[in-house]
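Engineer: pasting a predicted model and its sequence here:
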Amino acid sequence: MTSPQASEGLHIAHRPVHAPDRTLAVIDHNVPTTDRSHGIDDPESALHVQTLADSAKEFGVEYYSEADKRQGIVHIFGPEQSFTLPGMTIVCGDSHTSTHDALGVLAHGIGTSEVEHVLATQTLIQKKAKNMRITVDGKLPEGVTAKDIILAIIGETGTAGGTGHVIEYAGEAIRALSMEGRMTVCNMSIEAGARAGLITPDEKTSAYIQGRPKAPTGDAWEMAKSYWQTLYSDPDAHFDREVHLDVANLPPTVTWGSSPEDVVSITGVVPNPDNIQDEGRRASKHRALEYMGLTPDTKMTDIRSGQDLPGGRVRMARAGPLHVPGDERRQARSGRALRLHLEPQLRGPSGLQGPHPSGLARNGGGRCDHRPFHRRARVAERLIRVSSTRKTSSTGARTLLTGMTSPCVPFLRLRFC
């Protein structure tokens, strides 16, 4: 979404991309999930796609178009192609870049001006983050997934709980997750307010990477594995904040409001905001219930998909495979559930507490850019745009987020100040 503006800045300043061999471009947000053989109908989206393709060609950047079978959501594409490897630092103009962190990477979203700076210099000035460790122990009950873990974490910490921190996820339950499950957890670090959220690489990480298109081979593979084994926190490492959860009895979890912190057990009831002491937060939750069309103390089990409620029709969305045209390679591989486990975010109407920290722009995880390129979609006109990462109902339904199964620049030098 932000790459056209960044490349435009380079073009105007007559600057090349500093390290094209360490840069990858893949189109995702503006690509329809329907048939692409006849092009993209929306003129604004089509312009974004063409501009990125032209820029990649101009600057010699490896590019994966909407017609490439390997194309997909950018922060899924990197791990799938093993462009993402443990120990890397990766930035991207997408707030959910933290998905890469599941492979022992430090990855986070940046804004348009930062994308341009990275492309031009391969560096980025950053303020050092605080350290936060979330230890999740216990064996997950049957039917409970990684999505339930991260929703429980956010329910515990709140959407601002990780503000200013980089999270390390640890513990028995995290180690037991598949790589797809780990990506699910790391993907939603941003909803916990954190800049990034990573997991120590282990044998499961190496097994996931081995044999993929860009994975090291031969002696380089053995050297890489040896190095990856050094990427762990020291036993006496200091953490500015520690959170502990036992998920042995964790039930399937759903959100009842417009924020990922509005969580409740699937067997629970819609909370009553009147019990909240803080006036501002109480008012916010009342607005969330009004928007969702729910009333306090309603049993979650009494809410049915497609049910007409005072505020509209509720659409329950829990685990179910999602076929995304153009992802044939993923569909063919048995055991792959990345599209199931990774469910991007639902943004409520203006005035409700959103899932992103206030310091992050909705368009890419950084500060806003005001160049004349028409990149911002009008909310009223674009709310129902078909996208590979947005799943908003075209029927005007409210979605209850549940435990559903759902241009990267690596080798970056970060300069802390």
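Structural biologist: That came through fine. Numbering: from 1, shown residues only.
Engineer: quick check, central residue of this structure?
Structural biologist: By Cα atoms, centre = their mean, the mean C-alpha position of the chain lies nearest to His96, the distance being 2.9 Å.
Engineer: secondary structure class of it, three-state.
Structural biologist: Here His96 is helix, with the state taken from DSSP: H, G, I helix; E, B strand; the rest coil.
Engineer: go on, Gly143?
Structural biologist: coil.
Engineer: before we move on, back to that, test my guess that the residue nearest to the centre of the chain contacts His108.
Structural biologist: No: if you go by Cβ atoms under 8 Å, His96 and His108 don't touch, sitting 9.7 Å apart. (C-beta placed from N, C-alpha, C; glycine too.)
Engineer: on that earlier part again, state the distance from the residue nearest to the centre of the chain to Ser55.
Structural biologist: Separation of His96 from Ser55 (Cβ to Cβ, to the nearest Å): 22 Å.
Engineer: off-centre distance for the lengthiest helix in the chain?
Structural biologist: Taking DSSP state H as the criterion, the chain has its longest helix at helix 43-59. The chain centre lies 23 Å from the centre of helix 43-59; the measure is Cα atoms, centre = their mean, to the nearest Å.
Engineer: mean confidence score for whichever helix or strand comes after that helix?
Structural biologist: From helix 43-59 onward toward the C-terminus, using DSSP states H and E, the following helix or strand is strand 62-64. The average pLDDT within strand 62-64 is 91.
Engineer: and the helix or strand following strand 62-64, how far from the chain's centre?
Structural biologist: Remark: after strand 62-64, the chain's next helix or strand is helix 74-80, criterion DSSP H and E. Here helix 74-80 is found 11 Å from its chain centre; the criterion is Cα atoms, centre = their mean.
Engineer: is Glu242 in a helix, a strand, or coil?
Structural biologist: Glu242 ends up strand, using three-state DSSP.
Engineer: check contacts around the closest residue to it other than its chain neighbours.
Structural biologist: The shortest distance from Glu242 to any non-neighbouring residue, by Cβ to Cβ, 6 or more residues apart in numbering, is to Arg133 (5.3 Å). Arg133 makes contacts with 167-168, 170, 233, 239, 241-243, as judged by Cβ atoms under 8 Å, 6 or more residues apart in numbering.
Engineer: now do 10 Å
Structural biologist: 165, 167-171, 233, 237-244 (Cβ atoms under 10 Å, 6 or more residues apart in numbering).
Engineer: in a helix, Tyr232, correct?
Structural biologist: No: under three-state DSSP, Tyr232 falls outside any helix and is assigned coil.
Engineer: report pLDDT for it.
Structural biologist: On the pLDDT scale, Tyr232 gets 95.
Engineer: wait, what's in contact with it?
Structural biologist: Taking Cβ under 10 Å, 6+ apart as the test, what Tyr232 contacts is 104, 168, 170, 200-202.
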